[in-house]
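J.: Quick one, what's the 3D model for this:
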Amino acid sequence: MGRPSRFSPEVRERAVRMVEEHREAHASEWAVLQSIAPKLGCTAETLRKWVRQAQRDTGHRPGLTTSERERLKALEREVRELKRANEILRKASAYFAQAELDRRSK
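T.: Next comes the predicted model:
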């Protein structure tokens, strides 16, 4: 699992709103990001990722929403656990089958 963020969801939401509010005052989105990021204590790239995810969450950009990403991670984790459990069961089955064969041959 990823590491916890230094920034709360409220700070992220406010940062995205600030980018939207100041878009008109700058020549490009990158200029807006570079202007706002130092005030928040993050990098422009981090802020850009927050803006892109917010755009996906609101349907303005294609891609997985935050809830879809969380669901996908949970499903992938479940698949890993099930594969691990299946492997354990497969080995246990082979072990007991071999033990049964050994017992019959005596």
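J.: how about the helix or strand where residue 37 lies as CSV, C-alpha atoms only?
T.: Element membership of residue 37, judged by DSSP states H and E, is helix 29-40. The C-alpha coordinates for helix 29-40 follow below in CSV (Å, rounded to 0.1, in the frame of the first residue of the first chain):
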residue,chain,number,x,y,z
GLU,A,29,-1.9,25.9,-16.4
TRP,A,30,1.7,25.0,-15.6
ALA,A,31,2.3,28.7,-14.7
VAL,A,32,-0.7,28.5,-12.3
LEU,A,33,0.6,25.3,-10.8
GLN,A,34,4.1,26.8,-10.3
SER,A,35,2.6,29.9,-8.7
ILE,A,36,0.4,28.0,-6.2
ALA,A,37,2.5,25.0,-5.3
PRO,A,38,5.2,26.7,-3.2
LYS,A,39,2.5,28.4,-1.2
LEU,A,40,1.1,25.0,-0.3
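J.: now for the longest helix anywhere in the chain, which elements pack on it?
T.: Among the segments of the chain that qualify as a helix by DSSP state H, the longest is helix 66-105. The contact analysis (3 or more C-beta pairs under 8 Å, 6 or more residues apart in numbering; DSSP states H and E) places helix 66-105 against helix 44-57. (Each C-beta comes from the backbone N, C-alpha and C, glycine too.)
J.: Distance from the helix it packs on to the middle of the chain?
T.: Centroid displacement of helix 44-57 relative to its chain, using C-alpha atoms, centre = their mean, to the nearest Å, is 13 Å.
J.: Restrict it to CA atoms and write it as PDB.
T.: Extracted in PDB, the C-alpha atoms of helix 44-57 (Å, rounded to 0.1, in the frame of the first residue of the first chain):
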ATOM      1  CA  ALA A  44       3.900  21.800  -9.100                       C
ATOM      2  CA  GLU A  45       3.900  18.100 -10.300                       C
ATOM      3  CA  THR A  46       2.100  17.000  -7.200                       C
ATOM      4  CA  LEU A  47      -0.500  19.800  -7.600                       C
ATOM      5  CA  ARG A  48      -0.900  18.800 -11.300                       C
ATOM      6  CA  LYS A  49      -1.700  15.200 -10.300                       C
ATOM      7  CA  TRP A  50      -4.300  16.400  -7.800                       C
ATOM      8  CA  VAL A  51      -5.900  18.600 -10.500                       C
ATOM      9  CA  ARG A  52      -5.900  15.700 -13.000                       C
ATOM     10  CA  GLN A  53      -7.500  13.400 -10.400                       C
ATOM     11  CA  ALA A  54     -10.100  15.900  -9.500                       C
ATOM     12  CA  GLN A  55     -10.900  16.300 -13.200                       C
ATOM     13  CA  ARG A  56     -11.300  12.500 -13.500                       C
ATOM     14  CA  ASP A  57     -13.500  12.400 -10.400                       C
END
